[in-house]
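Asks: Pasting a predicted model and its sequence here:
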Amino acid sequence: MEINEKVVRDLKKKFDIEMDKREAEIVEHWKKELELIYKKRYENLSSMQIDIKNLMNRMNNRVAMVSRMVKEGV
C-alpha cells in the first residue's frame, strides 16, 4: 500500500502546525509562572531565589517526565 506524496506532505504540515501550537502553549505556561514570580513583592533576595529555584525544579521534573515518556514510546 503506497501513500500518496501529497497526503504525506499534508500530514506533515498538519503535524508541524500542531507541534508549533503545543510548543507555544508550553512556553506561555512557563512565561505565566515566571511572571508570577516577577510581579510578587519580595522582602529580600533570598525569598525570590527560593521561588526561582522551585520553578526550576518544577521545570526539571517536567523535562525528566517528558524525556522518560519519549524513551518509553508513550
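Replies: Good, I have the coordinates.
Asks: residue nearest the centroid of this structure?
Replies: Ile26 (3.6 Å; CA atoms, centre = their mean).
Asks: measure that one to Gln49 for me?
Replies: From Ile26 across to Gln49, the span is 24 Å (CB to CB, to the nearest Å). (Glycine included, C-beta is placed from N, CA and C.)
Asks: what number of residues lie near Met59?
Replies: Met59 has 13 neighbouring residues, counting by other CB atoms under 10 Å.
Asks: Touching, it and Lys31? I think so.
Replies: No - taking CB atoms under 8 Å as the definition, Met59 is not a contact partner of Lys31, at 11.9 Å.
Asks: for Ile3, phi and psi?
Replies: Backbone torsions for Ile3, taken as degrees, to the nearest 10, come to phi -100, psi 130.
Asks: cool, the one 4 residues further on as well?
Replies: With angles defined as degrees, to the nearest 10, Val7 sits at phi -60, psi -40.
Asks: Any idea how many residues pack against it?
Replies: Neighbourhood size, Val7 [other CB under 10 Å]: 10.
Asks: cool, and the one 10 residues further on?
Replies: Here the number of neighbours of Ile17 (other CB under 10 Å) works out to 10.
Asks: for Arg62, same thing?
Replies: Neighbours of Arg62 (other CB under 10 Å): 13.
Asks: do you know how far it is from Glu43?
Replies: For Arg62 relative to Glu43 (CB to CB), the value is 29 Å.
Asks: now do Asp16
Replies: Where Glu43 is concerned, Asp16 sits at a distance of 46 Å (CB to CB).
Asks: what about these two, which has more around it?
Replies: Neighbours of Asp16 and Glu43, each counted by other CB under 10 Å, are more numerous for Asp16; the result is 10 against 7.
Asks: which SS state does that one fall under?
Replies: With DSSP: H, G, I helix; E, B strand; the rest coil as the basis, the three-state label of Asp16 is helix.
Asks: Got the domain ranges for this protein?
Replies: As assigned by automatic domain parsing, the chain contains the domains 1-39, 42-74.
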